[in-house]
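>>> output the structure for:
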Amino acid sequence: MKKEGFNEQGEPTLRELEDYEGKASPEKRKAIMWVIVTGLLLGVFYTLAKHYFKDVGYEEVKIPQQERILHY
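Numbers count the residues shown, from 1 in each chain. Now for the predicted structure:
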């Protein structure tokens, strides 16, 4: 028994989805816009924090070395 608007696996077909051909409601469009903007802002924040808090390490310690090796 097949339901109308669903395929054999019971999943809705693309034609039956309300926003398949760009017919999304204004509320849904705003939600999608806010998700994208939030993701971009989090990416910018993460990048700025990564560069601000990056580990520069310690200054190089110069250890004096002998100029020649003694053979015994």
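>>> need the distance between the two termini of stretch 17-36.
22 Å (CA to CA, to the nearest Å).
>>> check stretch 17-37 too.
25 Å.
>>> which residues does it contact?
With contact meaning CB atoms under 8 Å, 6 or more residues apart in numbering, stretch 17-37 is reached by residue 14. C-betas here are computed from N, CA, C, even on glycine.
>>> from here on, call the first residue 860.
Sure, I'll start numbering at 860, so the last one becomes stretch 876-896.
>>> centre of the chain to it, how far?
20 Å (CA atoms, centre = their mean, to the nearest Å).
>>> show me where this structure has helices.
For the chain, helices defined by DSSP state H occupy the ranges 885-911.
>>> so where is it shaky, pLDDT-wise?
860-864, 877-880, 915-916, 922, 925-929, 931 (pLDDT under 70).
>>> mind running it again at 90?
Scanning the chain with the threshold set as pLDDT under 90 gives 860-885, 887-888, 909-931.
>>> what are the bridge partners for residue 865, then?
residue 871 (DSSP bridges).
>>> look up how far residue 871 lies from it.
6 Å (CB to CB, to the nearest Å).
>>> same check on residue 930?
83 Å.
>>> neighbour count winner among these two?
Comparing residue 930 with residue 871 by neighbour count (other CB atoms under 10 Å), the higher total belongs to residue 871, at 13 against 4.
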